[in-house]
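Peer 1: test case, fold it:
(one chain, ligands or ions: 1)
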Amino acid sequence: MLLFHIKLVVQKNRMGSTFNIGGTVMTLLLCFLLLSMVPKLEAELTTVEHAPNPDGSISFLVIGDWGRRGLYNQSQVALQMGRIGENMDIDFVVSTGDNIYDSGMKSIDDPAFQLSFTNIYTSPSLQKPWYSVLGNHDYRGDVEAQLSPVLKSIDSRWTCMRSFIVDAEIVELFFVDTTPFVDAYFLNPDGQTYDWSGVSPRESYLQTILTELEMGLRESRANWKIVVGHHAIKSASIHGNTKELESLLLPILEANKVDLYMNGHDHCLQHISTSQSPIQFLTSGGGSKAWRGYYNWTTPEDMKFFYDGQGFMSVKITRTEMGIAFYDVSGKILHKWDTSKMLDTDFYFPL
Ligand SMILES: [Zn+2]
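Peer 2: I've put the predicted structure just below:
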């Protein structure tokens, strides 16, 4: 922005003004330096930089609800992820949470991490960064264990934070910790114990997430914006829509031109697109146990795809195009969807 202003000043003066260019530039630089010294009143989400490929493209897989020590077809899904990951030469994997069943990790020494992650996703193509959010089951153990840097020393692929950004230049992924949004876990925990370390007091925790997310989305210059959470905003499966996210999160996503919202929680694969929202709602929660046998959706024209079984999703993004695909446990493509968009600069500088 500063450079832009300086360019404008220089151009104006080339047109004959007697304005003092050097003095103006110095004044602007001084203002910039002073502004940069003012402490920031708002915190920012932690950002992980992930360099895109030389051609600017990014591709990744999305898996959720998986950590069951290989059982319930987790290993079979992992094998197919490896095969598709190799074909696509993926850059990373996104986990939509519920990483360790049934009750997260007991401590940072819990062998469940190796048994459900390191020893399962062994294909060469999956030896890439894994960017993960927490699910409600992860909150039932020592919630901070999965966030510990100790896990990265056990398996360097692992990056799990509560809410954070992965910046891959053409696309930014905003990971949101959705479990603390759900009232029922606090008001009616149904015999379950949740570890709310780092969350209390809840109201300010949630407000901070919403403020930081809104700021991050507003300031993003990426052509594509993706938000990842564990809980669905919209879902036809057993858990249904998450009303807290519909009221608190969705308006921020819509106001900031988010392209995709991706989640797990319901153990199925689904793609919902409504006429009321430009966002594609995608569930990838088929990492292991599935087949709930539940479906409740009243507007069939909005349900682009629903599959009750195990599987995963892929995303391929270029500067102007995006494509997603869903796969079953045998690696067969069940559903594909593509879109494209002009870059902002294409509008500003038409040829
Ligand atoms: Zn869940």
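
Peer 1: residues of the chain that sit close to the ion?
Peer 2: Residues of the chain found near the ion (Cβ under 5 Å from the ion) are 98, 135-136, 265. Yep, even glycine has a C-beta here, placed from its N, CA and C like the rest.

Peer 1: redo that, cut-off 6 Å
Peer 2: 98, 135-137, 230, 265 (Cβ under 6 Å from the ion).

Peer 1: now restrict those residues to buried residues only.
Peer 2: 98, 135-137, 230, 265 (16 or more other Cβ atoms under 10 Å).

Peer 1: low-confidence regions, the stretch 201-350 of the chain specifically.
Peer 2: Residues of the stretch 201-350 of the chain that meet the criterion pLDDT under 70 lie in 344-350.

Peer 1: the helices in the stretch 251-351 of the chain, which residues?
Peer 2: Ranges of helices in the stretch 251-351 of the chain, per DSSP state H, counting those that start in this stretch, are 344-348.

Peer 1: could you do the chain as well?
Peer 2: 2-14, 21-37, 74-88, 112-113, 149-154, 184-187, 202-219, 243-248, 250-255, 344-348 (DSSP state H).

Peer 1: on that earlier part again, just name the closest of the buried ones among the residues of the chain next to the ion to Leu343, please.
Peer 2: His230 (31.3 Å; Cβ to Cβ).

Peer 1: how many residues are close by the residue nearest to that closest one when sequence neighbours are not counted?
Peer 2: Nearest residue to His230, sequence neighbours excluded (Cβ to Cβ, 6 or more residues apart in numbering): Gly97, at 3.4 Å. Other residues near Gly97 come to 30 when the count uses other Cβ atoms under 10 Å.

Peer 1: measure Gly97 to Tyr131 for me?
Peer 2: For Gly97, the distance to Tyr131 equals 11 Å [Cβ to Cβ, to the nearest Å].

Peer 1: before we move on, what about Ser330?
Peer 2: 26 Å.

Peer 1: out of the two, which sits in the busier spot?
Peer 2: When neighbours are counted by other Cβ under 10 Å, Ser330 and Tyr131 differ, and Tyr131 comes out ahead with 23 against 11.

Peer 1: got the contact list for that one?
Peer 2: If you count contacts by Cβ atoms under 8 Å, 6 or more residues apart in numbering, Tyr131 has them with 48, 92-95, 159-160, 166, 173, 175, 228.

Peer 1: ok, those residues vs the ion, which is closest?
Peer 2: Ser95 (11.9 Å; Cβ to the ion).

Peer 1: excluding sequence neighbours, find me the nearest residue to that closest one.
Peer 2: Ser95 sits nearest to Ser132 (Cβ to Cβ, 6+ apart), 3.8 Å away.
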